[in-house]
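>>> Sequence first, predicted coordinates after that:
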Amino acid sequence: MLNKKVLIVEDESILRDAYAMVLNRHGYEVMTASDGEQAIEQIERDMPDLILLDMLMPILGGEGFLDKSDILNKHKKTKIIIYSNLSDRETVQRLIERGVHAHILKSSMAPHQLADYIKQALA
């Protein structure tokens, strides 16, 4: 079976690198972007199976990325997990209704737990 591709969209380099390291160890092909604009460039080059998306980023945040890329309509097989400290229930509910797979608060899950969650989401 081919490795699943995961795009990590996270502006904090320490977190982005930590998630990438853990997911690489779990056998995922990991791509990274530090904002929504870079994420759009990444998905134009190579569509991931799953996007781990921070919402609060400079330049183009998570919701802006979803709107501008139209990924929820164009690539329905790509799962998107909002992994953010955003806890606004209305925003999260609206994004779930639009097709986002799940929302996880960063503070509630360690990177190794996240790898297990991603495995289940891609199963």
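The structure has been received and is ready for your questions. Numbers count the residues shown, from 1 in each chain.

>>> burial count for Glu12?
Each residue near Glu12 was counted by other CB atoms under 10 Å, and the total is 14. Using the backbone N, CA and C atoms, a C-beta is placed for each residue, glycine as well.

>>> residues touching it, list them.
Asp54 (CB atoms under 8 Å, 6 or more residues apart in numbering).

>>> One more: Gly36?
Gly36 touches 9, 57, 59-62, 64-65, 68-69, counting by CB under 8 Å, 6+ apart.

>>> residue ranges for the helices of the protein, please.
Ranges of helices in the chain, per DSSP state H, are 13-25, 36-45, 62-69, 71-74, 89-98, 111-122.

>>> Go through those helices and pick out the most buried.
helix 62-69 (a mean of 20; mean count of other CB atoms under 10 Å).

>>> mean confidence score for that one?
Average pLDDT, helix 62-69: 92.

>>> Could I get the helices of the chain in a markdown table, plus columns for distance to Ile51?
Converted to a markdown table, those look like this (distance: least, CB to CB, whole Å):
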| stretch | distance to Ile51 |
| --- | --- |
| helix 13-25 | 12 |
| helix 36-45 | 7 |
| helix 62-69 | 9 |
| helix 71-74 | 7 |
| helix 89-98 | 12 |
| helix 111-122 | 11 |
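
>>> For Leu53, which of those is the nearest?
With respect to Leu53, and counting by CB to CB, the nearest of the helices of the chain is helix 62-69 at 4.7 Å.

>>> Kindly format the C-alpha coordinates of the closest one as CSV.
Provided in CSV are the C-alpha atoms of helix 62-69 (Å, rounded to 0.1, in the frame of the first residue of the first chain):
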residue,chain,number,x,y,z
GLY,A,62,-7.7,28.2,7.7
GLU,A,63,-11.1,29.4,6.7
GLY,A,64,-9.7,31.7,4.0
PHE,A,65,-7.8,28.7,2.7
LEU,A,66,-11.0,26.6,2.5
ASP,A,67,-12.8,29.4,0.7
LYS,A,68,-10.0,30.3,-1.8
SER,A,69,-9.0,26.7,-2.6
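
>>> show me what contacts the most centrally placed residue in the chain?
Closest residue to the average C-alpha location of the chain: Leu52 at 1.4 Å, with CA atoms, centre = their mean. Leu52 sits next to 6-10, 19, 81, 83, 114, 118 when contact means CB under 8 Å, 6+ apart.
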